[in-house]
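[1] coords please:
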Amino acid sequence: MTTKKCVAVIGASGYAGAELVRLISGHPHVTLNLITSRQYAGQSYENVFPAFTGCMNLSCEHFRSDEAIQKADIFFLALPHKTSMNIAAPLLDAGKKVVDLSADFRFKNQSMYETYYQSHEAPHWLRKAVYGLSEVNKEEISTAQIIGNPGCYPTSILLPLIPLLKEKLIDSTGIIADSKSGVSGAGRSLSLGTLYCEVNEGFTAYKVAEHRHEPEINENLSLAAGENVQVLFVPHLIPMSRGIVSTIYARSQASEVKLRECLCEAYKNCSFVRVLPDGRMPNAAHVRGTNYCDIGIKYSREKGMAVIVSTIDNLIKGAAGQAIQNMNIMMGFSETDGIDAIPFPV
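    Reported below is the predicted structural model:
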């Protein structure tokens, strides 16, 4: 019998961290051996998230790199931007594999990262990092030591657009991505803007044309298209706990059939991307709690515009689920191990 690999979740008290703990706990090939939280160190995990009562016997610990290195082979970093790079470096130097859910290792262009975040303090590992869009970069992921797990909004936008740009079926200019996210995308920290009374029965755009996911989207679309791509990205907050719906508008002269065929061909061997048939559009409820990305297409011949709609669960395909999918690819496991849940029908 093959010995299970030991896994650590660093930053287990946030929403993405909790989803990592939940999914890893049911994974057939790894054992969760360490969970850390600065805020809840010393407390049992079921006290942090009562849903885990009777299901989890670990307590949160302070992160100490020398001790952590002895406890795990694979590390998931569910930490704030600008924090992960310093945590990751000693783990990587010790030969450990790391999947980072922050933005610290997502950019190939160091100056682009530093423009939108801060000076990068682990540039050596940034150059070695692979962008973890699982279905697109699978070959590179399989040999990587450090993965920059994509942002939730970028995942919902890149998956439908990359194949269409590669095949030149949509114009690379004038693309608009209009995205809506549930409140969990803002994280678990207290904030006035995410209080119940501020969000309930509301629907608002925020950080219009200045959200930090926009450069991440543009960098990866430009790499796919082989030319500069600048998407106008408009995020919105909607009063639901989880889920993302992205409606994308792009100029095109291709037929709806050809657009759909391109996506079906690109993802024909991908377990988690579902290209919907003619007449169906994605619904955030249909991917809730799963690692699926659903994509629907409509083409207006009169306007010469393709309308592409995608949905994901921001905490699963947009964070923890894709992180585990990347681990599966890195470790040679089945890509669906631990994340093959069937969606709720209602």
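[2] From the contact counts, what lies against the host helix or strand of Ile157?
    Secondary structure from DSSP states H and E places Ile157 in helix 152-166. Counting contacts by 3 or more Cβ pairs under 8 Å, 6 or more residues apart in numbering; DSSP states H and E, helix 152-166 packs against strand 176-181, helix 213-225, strand 232-237, strand 244-251, helix 256-266, strand 293-300, strand 305-312. Just so you know, the C-beta spots here come from the backbone N, C-alpha and C atoms, and that holds for glycine as well.
[3] which residues touch the residue positioned nearest the centre of the chain?
    With distances taken as Cα atoms, centre = their mean, the residue of the chain nearest its centroid is Gly318 (3.0 Å). Neighbour list for Gly318: Pro150, Gly151, Cys152, Tyr153, Thr155, Ser156, Gly185, Ile244, Ile312 [criterion: Cβ atoms under 8 Å, 6 or more residues apart in numbering].
[4] now do Ile146
    Ile146 makes contact with Ala88, Leu92, Lys97, Val98, Asp100, Phe105, Trp125, Lys128, Ala129, Val130 under the criterion Cβ under 8 Å, 6+ apart.
[5] Quick check: beta-bridge partners of it?
    Note on Ile146: beta-bridge partners Val98, judged by DSSP bridges.
[6] For Asp100, see how far away Tyr116 is.
    16 Å (Cβ to Cβ, to the nearest Å).
[7] And the two? Which one has more around it.
    Using other Cβ atoms under 10 Å as the criterion, Tyr116 and Asp100 rank with Asp100 on top: 28 against 16.
[8] Next, the more buried one: phi, psi?
    phi -100, psi 120 (degrees, to the nearest 10).
[9] Does Arg22 fall in a helix, a strand, or a coil region?
    On the three-state scheme (DSSP: H, G, I helix; E, B strand; the rest coil), Arg22 is labelled helix.
[10] I misspoke; the intended subject was Lys207.
    Following three-state DSSP, we place Lys207 in the coil state.
[11] tally of neighbours for the closest residue to it other than its chain neighbours?
    Residue nearest to Lys207 in three dimensions, not counting chain neighbours: Pro235, with 6.2 Å by Cβ to Cβ, 6 or more residues apart in numbering. Pro235 has 22 neighbouring residues, counting by other Cβ under 10 Å.
[12] so Pro239 makes contact with Glu201?
    Yes - look at Pro239 against Glu201 with Cβ atoms under 8 Å: they come within range, at 6.4 Å.
[13] Right, I'll call it a day here.
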